[in-house]
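In: kindly generate the corresponding structure for this input.
(one chain, ligands or ions: 1)
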Amino acid sequence: SAQLNQLAKAAGKLYFGSATDNGELSDTAYVNILKDSNMFGQITPGNGQKWQYTEPSQGSFSYTSGDQIVDFAKANDQIVRCHTLVWYSQLPSWGADGSWSTSQLTSIINTHIANEVGHYKGQCYSWDVVNEALNEDGTYRDSVFYKVLGDSYIPIAFKAADAADPDAKLYYNDYNIEGAGAKQQAAAKIVKLVKDAGARIDGVGMQAHLIVGSVPSQSDLESAMESYLSAGVIELAYTELDIRFNSLPASDSGLQQQAGDYETVTKACLAVDACVGITIWDYTDKYSWIPSVFNGAGAALLWDENFSEKPAYSTVSSVL
Ligand code: XIL
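Out: Residues are numbered from 1 along each chain as shown. The predicted structure is shown next:
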């Protein structure tokens, strides 16, 4: 039977993809599924391109981890969503220091982006240029970037990324912006902010770290996407989809509910032409980030810990 990326492409999308991480690539059973470009046409490095790994000390760059994933994707005919350049989290300790002047931090951002995007030039379908700039109420997160530069750090980052790789699609990426609300409205304002500053922004990435039984309705998902298109981007993607159980183990009816929730998100992407693809935040519960961050939660992905396809897999494949 046809596989997820094949089905997504036949439905007019660019890809169906998965995140992965360096440690997992020594697991043969894992790699056998990941490397199949009929299943996954797109890969996102889950960690290796983050600032703490790529510029661990100021001015000294390292691409070993990121390159391993990008090379893996290339070897298997998969495109890469590159992730991520400016984020408050997983910063090296030197960068998280808040005592920069505006010109120092501007130069730090420009140097980081010129170097990293330059290193990967031509290899990234897209870049998540700015990640998670917003609080839940739609105000800006109090990151080192915002403290020193205010919201101007956002267009600064997009201009630097555009200069370093004019062909990569440039995205703003965040979570809890999939449905209606203050954070979704604020994300649309970020699109306008970047465009008003004369910078290029191509897409909004909706992470979609969702909870079984609490997924926004398909019409709310579509309205949020329309709000980003109205604000001026040309494409959209679900970039880190997982739908977790808050308590485990999952029951049979829970797994059916999860399948229905995955169906809702998949149908929303299918219904909006500008939604180019769906990326799940790794494909098997064995390597999901959820249990390490959300206490007691898990079982969020399409394959279980033993690489068996869950009900949600069948549903996504039949909806695509
Ligand atoms: C997560 C990784 O999956 C974990 O391995 C890491 O410990 C923390 O970051 N939003 C993002 C991703 O944009 O980069 C995060 O990835 C998950 C939430």
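
In: mind checking how far the residue nearest to residue 281 when sequence neighbours are not counted is from residue 64?
Out: Spatially, and ignoring its direct neighbours in sequence, residue 281 is nearest to residue 240 (4.2 Å; C-beta to C-beta, 6 or more residues apart in numbering). (Each C-beta comes from the backbone N, C-alpha and C, glycine too.) Using C-beta to C-beta, to the nearest Å, we find residue 240 at a distance of 23 Å from residue 64.

In: when those two are compared, which one has more neighbours?
Out: The neighbour comparison of residue 240 against residue 64 (other C-beta atoms under 10 Å) goes to residue 240, with 24 against 10.

In: which helix or strand contains that one?
Out: strand 235-244 (DSSP states H and E).

In: note down every partner strand of that strand and its orientation.
Out: Next to strand 235-244 in the sheet, as set by DSSP bridges, lie strand 203-206 (parallel), strand 209-211 (parallel), strand 275-280 (parallel).

In: residue 161 is in contact with residue 167, isn't it?
Out: No: using C-beta atoms under 8 Å, residue 161 makes no contact with residue 167, being 11.2 Å away.

In: so between the two, which is more surrounded?
Out: Taking residue 161 and residue 167 together and counting by other C-beta under 10 Å, residue 161 has the greater number of neighbours (28 against 9).

In: helix, strand, or coil at that one?
Out: helix (DSSP: H, G, I helix; E, B strand; the rest coil).

In: mind listing what's buried in the lowest-mean-pLDDT helix or strand in the chain?
Out: Counting by mean pLDDT, DSSP states H and E, the chain has its least confident helix or strand at helix 93-96, which shows a mean of 86. Buried residues in helix 93-96, counted by 16 or more other C-beta atoms under 10 Å: residue 95.

In: show me what contacts whatever residue of the chain ends up closest to the ligand?
Out: As assessed by C-beta to the nearest ligand atom, the ligand sits closest to residue 289 within the chain, at 3.5 Å. Residue 289 sits next to 46, 281-282 when contact means C-beta atoms under 8 Å, 6 or more residues apart in numbering.

In: name the SS class of residue 263, please.
Out: helix.

In: what residues does this protein have near the ligand?
Out: Residues of the chain lying close to the ligand by C-beta under 6 Å from any ligand atom are 46-47, 131, 207, 240, 289.

In: hmm, 5 Å instead?
Out: 46, 289 (C-beta under 5 Å from any ligand atom).

In: contacting residues for residue 290?
Out: Residues near residue 290 by C-beta under 8 Å, 6+ apart: 209, 242, 244, 297-298, 300.

In: let's go with 7 Å and repeat that
Out: Contact analysis of residue 290 by C-beta atoms under 7 Å, 6 or more residues apart in numbering lists 242, 244, 297-298, 300.

In: repeat for residue 183
Out: Contacts of residue 183 by C-beta under 7 Å, 6+ apart are 134, 136, 138, 176-177.

In: apply 10 Å and report the result again.
Out: Neighbour list for residue 183: 134-139, 174-177, 224 [criterion: C-beta atoms under 10 Å, 6 or more residues apart in numbering].

In: what comes up buried for the helix or strand where it lies?
Out: Here residue 183 sits within helix 182-196, counting by DSSP H and E. Judged by neighbour count (16+ other C-beta under 10 Å), helix 182-196 contains these buried residues: 183-184, 186-188, 190-191, 193-195.

In: thinking again about what came up before, turn the strands paired with strand 235-244 into a markdown table, columns for mean pLDDT.
Out: Converted to a markdown table, these look like this (pLDDT from 0 to 100):
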| stretch | mean pLDDT |
| --- | --- |
| strand 203-206 | 99 |
| strand 209-211 | 98 |
| strand 275-280 | 98 |
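
In: can you list the ones you listed in JSON lines and add distance to residue 74 and mean neighbour count?
Out: Shown next, in JSON lines, are these (distance: least, C-beta to C-beta, whole Å; neighbours: other C-beta atoms under 10 Å):
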{"stretch": "strand 203-206", "distance to residue 74": "22", "mean neighbour count": "29"}
{"stretch": "strand 209-211", "distance to residue 74": "28", "mean neighbour count": "20"}
{"stretch": "strand 275-280", "distance to residue 74": "17", "mean neighbour count": "26"}
